[in-house]
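S.K.: Fold the following and give me the result.
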Amino acid sequence: MWIIFFASTTLSIITYAISENKDFRSGILNLVDVLQTGLAFGAVLIWRERKIILTSFEKKYLAGFGAIVIYGVVSGDAFSSNLFAQILISSGYFPTIRKMVEERRNTESFVPWRFAIAAGTVGLYPAVVDGNLLAAVYAVRTIVLVSGMMVLMAYYEYIYKPKNA
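M.R.: Numbering: from 1, shown residues only. So this is what the prediction gives:
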(Lines give C-alpha, C1' and ligand atoms only; values in the text may rest on other atoms or scores of the structure.)
Protein backbone atom coordinates (compact mmCIF):
# COMPACT_ATOMS: atom_id res chain seq x y z
CA MET A 1 0.00 0.00 0.00
CA TRP A 2 2.70 2.49 0.93
CA ILE A 3 4.53 2.08 -2.37
CA ILE A 4 1.44 3.21 -4.28
CA PHE A 5 0.72 6.16 -1.99
CA PHE A 6 4.37 7.25 -2.06
CA ALA A 7 4.49 6.96 -5.86
CA SER A 8 1.25 8.89 -6.36
CA THR A 9 1.98 11.66 -3.84
CA THR A 10 5.42 12.06 -5.41
CA LEU A 11 3.84 12.30 -8.87
CA SER A 12 1.34 14.79 -7.47
CA ILE A 13 3.99 17.07 -5.95
CA ILE A 14 6.14 16.98 -9.09
CA THR A 15 3.25 17.88 -11.40
CA TYR A 16 2.08 20.46 -8.85
CA ALA A 17 5.53 22.07 -8.64
CA ILE A 18 5.78 22.32 -12.43
CA SER A 19 2.24 23.66 -12.86
CA GLU A 20 2.30 26.10 -9.94
CA ASN A 21 5.89 27.38 -10.21
CA LYS A 22 6.98 25.62 -7.01
CA ASP A 23 4.38 27.32 -4.80
CA PHE A 24 4.90 24.97 -1.85
CA ARG A 25 3.28 27.40 0.59
CA SER A 26 -0.17 26.83 -0.91
CA GLY A 27 0.57 23.16 -1.58
CA ILE A 28 2.08 22.37 1.81
CA LEU A 29 -0.31 19.44 2.36
CA ASN A 30 0.96 17.66 -0.75
CA LEU A 31 4.57 18.27 0.29
CA VAL A 32 3.95 16.91 3.80
CA ASP A 33 2.12 13.88 2.34
CA VAL A 34 5.16 13.00 0.21
CA LEU A 35 7.39 13.14 3.28
CA GLN A 36 4.94 11.10 5.39
CA THR A 37 4.33 8.42 2.76
CA GLY A 38 8.05 8.28 2.00
CA LEU A 39 8.87 7.69 5.66
CA ALA A 40 6.18 5.01 5.95
CA PHE A 41 7.38 3.30 2.77
CA GLY A 42 10.97 3.45 3.99
CA ALA A 43 9.96 1.93 7.33
CA VAL A 44 8.17 -0.90 5.57
CA LEU A 45 11.25 -1.58 3.45
CA ILE A 46 13.51 -1.62 6.52
CA TRP A 47 11.38 -3.67 8.92
CA ARG A 48 9.51 -6.04 6.67
CA GLU A 49 10.67 -8.77 4.38
CA ARG A 50 12.82 -7.53 1.55
CA LYS A 51 10.62 -9.27 -0.97
CA ILE A 52 7.90 -7.04 -2.40
CA ILE A 53 5.00 -8.83 -4.04
CA LEU A 54 2.62 -6.53 -5.85
CA THR A 55 -1.08 -7.33 -5.97
CA SER A 56 -3.05 -7.09 -9.20
CA PHE A 57 -4.48 -3.77 -8.01
CA GLU A 58 -1.00 -2.39 -7.24
CA LYS A 59 0.25 -3.41 -10.69
CA LYS A 60 -2.70 -1.63 -12.33
CA TYR A 61 -2.18 1.36 -10.06
CA LEU A 62 1.47 1.62 -11.04
CA ALA A 63 0.48 1.24 -14.71
CA GLY A 64 -1.84 4.23 -14.18
CA PHE A 65 1.10 6.06 -12.65
CA GLY A 66 3.15 5.30 -15.76
CA ALA A 67 0.34 6.44 -18.05
CA ILE A 68 0.13 9.77 -16.22
CA VAL A 69 3.90 10.25 -16.47
CA ILE A 70 3.82 9.49 -20.21
CA TYR A 71 0.86 11.83 -20.70
CA GLY A 72 2.64 14.61 -18.79
CA VAL A 73 5.90 14.22 -20.71
CA VAL A 74 4.22 13.99 -24.13
CA SER A 75 1.63 16.74 -23.59
CA GLY A 76 3.62 19.02 -21.28
CA ASP A 77 0.35 19.54 -19.37
CA ALA A 78 1.38 19.40 -15.71
CA PHE A 79 -1.97 20.84 -14.54
CA SER A 80 -4.04 17.99 -16.03
CA SER A 81 -1.40 15.47 -15.01
CA ASN A 82 -1.84 16.66 -11.42
CA LEU A 83 -5.61 16.23 -11.65
CA PHE A 84 -5.08 12.70 -13.00
CA ALA A 85 -2.75 12.06 -10.05
CA GLN A 86 -5.58 13.09 -7.70
CA ILE A 87 -7.82 10.49 -9.35
CA LEU A 88 -5.05 7.93 -8.94
CA ILE A 89 -4.60 8.80 -5.25
CA SER A 90 -8.39 8.54 -4.79
CA SER A 91 -8.41 5.03 -6.22
CA GLY A 92 -5.81 4.05 -3.62
CA TYR A 93 -8.55 4.04 -0.99
CA PHE A 94 -10.47 1.24 -2.71
CA PRO A 95 -8.51 -1.76 -1.34
CA THR A 96 -9.07 -0.59 2.25
CA ILE A 97 -12.76 0.07 1.60
CA ARG A 98 -13.12 -3.33 -0.09
CA LYS A 99 -11.44 -5.08 2.81
CA MET A 100 -13.79 -3.47 5.35
CA VAL A 101 -16.88 -4.27 3.29
CA GLU A 102 -15.80 -7.88 2.66
CA GLU A 103 -14.91 -8.47 6.31
CA ARG A 104 -17.91 -6.44 7.53
CA ARG A 105 -15.81 -4.83 10.22
CA ASN A 106 -13.64 -1.79 10.82
CA THR A 107 -10.07 -2.75 9.96
CA GLU A 108 -8.56 0.69 10.59
CA SER A 109 -7.52 2.83 13.55
CA PHE A 110 -9.32 6.15 13.82
CA VAL A 111 -6.24 8.06 15.03
CA PRO A 112 -4.26 8.40 11.78
CA TRP A 113 -7.42 9.19 9.85
CA ARG A 114 -8.23 11.99 12.30
CA PHE A 115 -4.79 13.44 11.67
CA ALA A 116 -5.42 13.24 7.92
CA ILE A 117 -8.68 15.20 8.32
CA ALA A 118 -6.90 17.80 10.44
CA ALA A 119 -4.05 18.07 7.93
CA GLY A 120 -6.49 18.43 5.04
CA THR A 121 -8.40 21.15 6.85
CA VAL A 122 -5.25 23.06 7.76
CA GLY A 123 -3.87 22.58 4.24
CA LEU A 124 -7.06 23.95 2.70
CA TYR A 125 -6.56 27.36 4.30
CA PRO A 126 -3.43 28.52 2.38
CA ALA A 127 -4.79 26.98 -0.83
CA VAL A 128 -7.98 29.03 -0.60
CA VAL A 129 -6.30 32.22 0.63
CA ASP A 130 -3.76 32.06 -2.21
CA GLY A 131 -6.40 31.06 -4.77
CA ASN A 132 -4.45 27.94 -5.73
CA LEU A 133 -6.85 25.51 -7.43
CA LEU A 134 -4.57 22.46 -7.47
CA ALA A 135 -3.69 22.84 -3.79
CA ALA A 136 -7.39 23.26 -2.97
CA VAL A 137 -8.29 20.15 -4.99
CA TYR A 138 -5.64 18.18 -3.10
CA ALA A 139 -6.94 19.34 0.29
CA VAL A 140 -10.63 18.87 -0.56
CA ARG A 141 -9.93 15.39 -1.97
CA THR A 142 -8.22 14.52 1.29
CA ILE A 143 -11.06 15.85 3.43
CA VAL A 144 -13.84 14.22 1.40
CA LEU A 145 -12.24 10.80 0.98
CA VAL A 146 -10.97 10.54 4.54
CA SER A 147 -14.36 11.67 5.86
CA GLY A 148 -16.03 8.98 3.77
CA MET A 149 -13.55 6.41 5.03
CA MET A 150 -14.23 7.43 8.62
CA VAL A 151 -18.00 7.21 8.11
CA LEU A 152 -17.55 3.63 6.85
CA MET A 153 -15.22 2.86 9.75
CA ALA A 154 -17.73 4.26 12.25
CA TYR A 155 -20.55 2.29 10.64
CA TYR A 156 -18.72 -1.01 11.09
CA GLU A 157 -17.36 -0.05 14.51
CA TYR A 158 -20.55 1.29 16.13
CA ILE A 159 -23.66 0.57 14.05
CA TYR A 160 -23.34 -2.66 12.08
CA LYS A 161 -24.31 -5.77 13.96
CA PRO A 162 -23.76 -9.14 12.28
CA LYS A 163 -26.90 -11.24 11.92
CA ASN A 164 -25.23 -14.19 13.70
CA ALA A 165 -24.25 -12.17 16.76
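
S.K.: Please list the residues outside the helix or strand of the chain with the lowest mean pLDDT that contact it.
M.R.: Sorting the helices and strands of the chain by mean pLDDT, DSSP states H and E puts helix 28-47 at the bottom, at a mean of 90. The contact list for helix 28-47 (Cβ atoms under 8 Å, 6 or more residues apart in numbering) reads 2-3, 5-6, 9-10, 12-13, 16, 24, 119-120, 122-124, 126-127, 135, 138-139, 142. Bear in mind the C-beta positions are built from the backbone N, C-alpha and C, glycine included.

S.K.: In that helix, which residues are buried?
M.R.: By neighbour count with 16 or more other Cβ atoms under 10 Å, helix 28-47 contains the buried residues Ile28, Leu29, Asn30, Leu31, Val32, Asp33, Val34, Gln36, Thr37, Ala40, Phe41.

S.K.: Next: stretch 5-23.
M.R.: For stretch 5-23, the neighbour count (16+ other Cβ under 10 Å) marks 5-20, 23 as buried.

S.K.: Identify the residues contacting that stretch?
M.R.: By Cβ under 8 Å, 6+ apart, the list of residues contacting stretch 5-23 reads 24, 26-27, 30-31, 33-34, 37-38, 40-41, 61-62, 65, 68-69, 72, 78-79, 81-82, 85-86, 88-89, 92, 130, 132, 134-135, 138.

S.K.: how far out from the middle of the chain is the least confident helix or strand of the chain?
M.R.: In terms of Cα atoms, centre = their mean, to the nearest Å, the centre of helix 28-47 is found 11 Å from the chain centre.

S.K.: Can I get the buried part of the contacts of stretch 5-23 as one ChimeraX selection?
M.R.: Buried members of those, defined by 16+ other Cβ under 10 Å, are picked up in ChimeraX with:
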select :26,27,30,31,33,34,37,40,41,61,62,65,68,69,72,78,81,82,85,86,88,89,92,132,134,135,138
